[in-house]
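>>> Sequence first, predicted model second:
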Number of protein chains: 4
Amino acid sequence: MQDAVHKFICRVYYEDTDLAGIVYYANYLKFIERGRSEWVRSIGIDQRRLRAEEGIVFAVRRIEADYLSPAQYDDELTVTTALEAATGARLVLRQSVLRGDTQLFRARVTLAAIGADGRAARLPAPLRARLG
Amino acid sequence: MQDAVHKFICRVYYEDTDLAGIVYYANYLKFIERGRSEWVRSIGIDQRRLRAEEGIVFAVRRIEADYLSPAQYDDELTVTTALEAATGARLVLRQSVLRGDTQLFRARVTLAAIGADGRAARLPAPLRARLG
Amino acid sequence: MQDAVHKFICRVYYEDTDLAGIVYYANYLKFIERGRSEWVRSIGIDQRRLRAEEGIVFAVRRIEADYLSPAQYDDELTVTTALEAATGARLVLRQSVLRGDTQLFRARVTLAAIGADGRAARLPAPLRARLG
Amino acid sequence: MQDAVHKFICRVYYEDTDLAGIVYYANYLKFIERGRSEWVRSIGIDQRRLRAEEGIVFAVRRIEADYLSPAQYDDELTVTTALEAATGARLVLRQSVLRGDTQLFRARVTLAAIGADGRAARLPAPLRARLG
């Protein structure tokens, strides 16, 4: 299942743009976080319950991101998310933002599962199952 | 002391603007919240401690805001905060955003103090003292 | 057609929340702006073309907003938009944010159409037609 | 002058935090962009004039970022900016966010100067002079 690519659609609104008339660079990180949230939901993980019941949250540890071409106001974007690897308490994801077939942004995102004590926690079972 | 006006300086950065080349309308609410945080600090209230020790936070209940003239990238703005009234667990503040002497934005903001149980809480003593 | 209510669904993501565990107060203004953009699109107005070809943008002039109950992470929200009045170059809208049937936030928003010269512009025809 | 490190102080406000009680990961990119804007100003470049008169803006091309430790509400942060290299129309910067002496976040940021025609532009003279 590692090669499955999750897709999520989002629209660019005024809030996302800056005076250069394009999407502000930090906001791509919002778009891909929405994509990750929807990907996690699609796997069957309820982040709200995971946090409330087990105290586990995901924290971003590293981002490598390339800005290839700017997104514009009113664009309909596709955010893709694919699992690249998982080792111990860490996940590595490949994410992209596309307009139609054109890749505008791509990132490699390393996440860690963190327990209520602030330390590395075991990945939730549905995630581990996908790594089988 | 009710007539004292607190002043806080903030700069407009790229993140604050939108494609119209001016500050995005929701971001004035960020600027005045910064102003309120600094006003509260200037009174001698530590919001972090208030929350950790007494579970009290301030929640906005109502905003009436007028957008008079747009702020631009790189503007140095002054946020003013003045206490208008306080009744029970509620505060009413008058806030403005100015560039030099020109008022760009003004708002009347109603806040409530909320306790750990989610219910109205007594205003912190330093705030009550100012109302005397 | 004045009584038609436009509905738009949006999800609460991490980016929308603050340390109080709820949606940050300025972000409701983002949600209702998304609702306005989709409402305008549903009327048949292309804001991007309106801006490029006629230099017309909508600017918020006044907001009166009540925060009734907080939205939480992962909530699915409905943003409603209804036209209350239009006089000259101004529009007044009633907007709400709901979770299920519960109203969390409501606002009265006054907008002005602004031309390329920065002055009041005539409302676009599809909007005027709705007021007939 | 390449080894000079520019420092900029910023405070964490409610707007910057998320429900995990820490600064939302995308917002570090806002902090370092503020740092870059102040660094550029300190060199004697007026970004507003550069854009209005020569149509030149800086665009981020690549980010490599490590999240080392979370910033909290009310923290006073220092953003550092240092020029690592410049080749043709590109700049590479090293930036950090610190609380006291503790590094919380660090990034390597690649920027390009873009002209009014959307193509690579020569770096502004004050920047080139620093590279001498």
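Received it, and whenever you're ready, just let me know what you need. Residues are numbered from 1 along each chain as shown, chains lettered A, B, ... in the order given.

>>> Please identify the residues of chain A in proximity to chain C?
Residues of chain A lying close to chain C by Cβ under 8 Å from any Cβ of the partner chain are A:11, A:13-15, A:30, A:33-34, A:37, A:47-48, A:72-74. Using the backbone N, CA and C atoms, a C-beta is placed for each residue, glycine as well.

>>> hmm, which of those residues are the buried ones?
Neighbour counting by 16 or more other Cβ atoms under 10 Å in any protein chain shown classes A:13, A:14, A:15, A:30, A:33, A:34, A:37, A:47, A:72, A:73, A:74 among these as buried.

>>> Which two among those residues are spaced furthest apart?
Maximum pairwise distance in these, criterion Cβ to Cβ, is 30.4 Å, between A:47 and A:72.

>>> returning to that earlier point: take the residues of chain A next to chain C and keep only those in helices.
A:30, A:33, A:34, A:37, A:47, A:48 (DSSP state H).

>>> Where does the closest residue to residue A:109 other than its chain neighbours fall, secondary structure wise?
Closest residue in space to residue A:109, ignoring its immediate chain neighbours: residue A:93 at 4.7 Å, by Cβ to Cβ, 6 or more residues apart in numbering or on different chains. Of the helices and strands defined by DSSP states H and E, residue A:93 is found in strand A:90-99.

>>> For whatever helix or strand comes next after that strand, name the packing helices and strands.
Next helix or strand after strand A:90-99 toward the C-terminus (DSSP H and E): strand A:102-114. With contacts taken as 3 or more Cβ pairs under 8 Å, 6 or more residues apart in numbering or on different chains; DSSP states H and E, strand A:102-114 sits against helix A:27-43, strand A:57-67, strand A:90-99.

>>> what pairs with the residue nearest to residue A:109 across the strands?
Applying DSSP bridges to residue A:93 gives these bridge partners: residue A:83, residue A:109.

>>> low pLDDT regions in chain A?
A:1-3, A:131-132 (pLDDT under 70).

>>> Can you name the residues of it that neighbour chain B?
Neighbours of chain B within chain A, by Cβ under 8 Å from any Cβ: A:14, A:15, A:17, A:18, A:19, A:20, A:21, A:22, A:24, A:26, A:73.

>>> Endpoints of stretch A:18-26, how far apart?
End-to-end distance of stretch A:18-26 (Cα to Cα, to the nearest Å): 11 Å.

>>> How far off centre is it?
20 Å (Cα atoms, centre = their mean, to the nearest Å).

>>> circling back to that earlier point, can you pick the most crowded of the residues of chain A next to chain B?
residue A:24 (28 neighbours; other Cβ atoms under 10 Å in any protein chain shown).

>>> quick one: that one and chain D, what's the gap?
Residue A:24 sits 9 Å away from chain D, going by Cβ to the nearest Cβ, to the nearest Å.

>>> Am I right that that residue is in contact with residue A:18?
Yes. At 4.1 Å, residue A:24 and residue A:18 qualify as touching, with contact defined as Cβ atoms under 8 Å.

>>> Name the residues contacting each of those two.
B:14, B:15 (Cβ atoms under 8 Å, 6 or more residues apart in numbering or on different chains).

>>> Just want the angle from the helix or strand in which residue A:85 is found to strand A:90-99.
Following DSSP H and E, one finds residue A:85 within strand A:76-87. Strand A:76-87 and strand A:90-99 are oriented at 160 degrees to each other (axes from the mean of the first three to the mean of the last three Cα atoms, to 10 degrees).

>>> Residue A:83 is in contact with the residue nearest to residue A:109, correct?
Yes. Counting by Cβ under 8 Å, residue A:93 touches residue A:83, with 6.1 Å between them.
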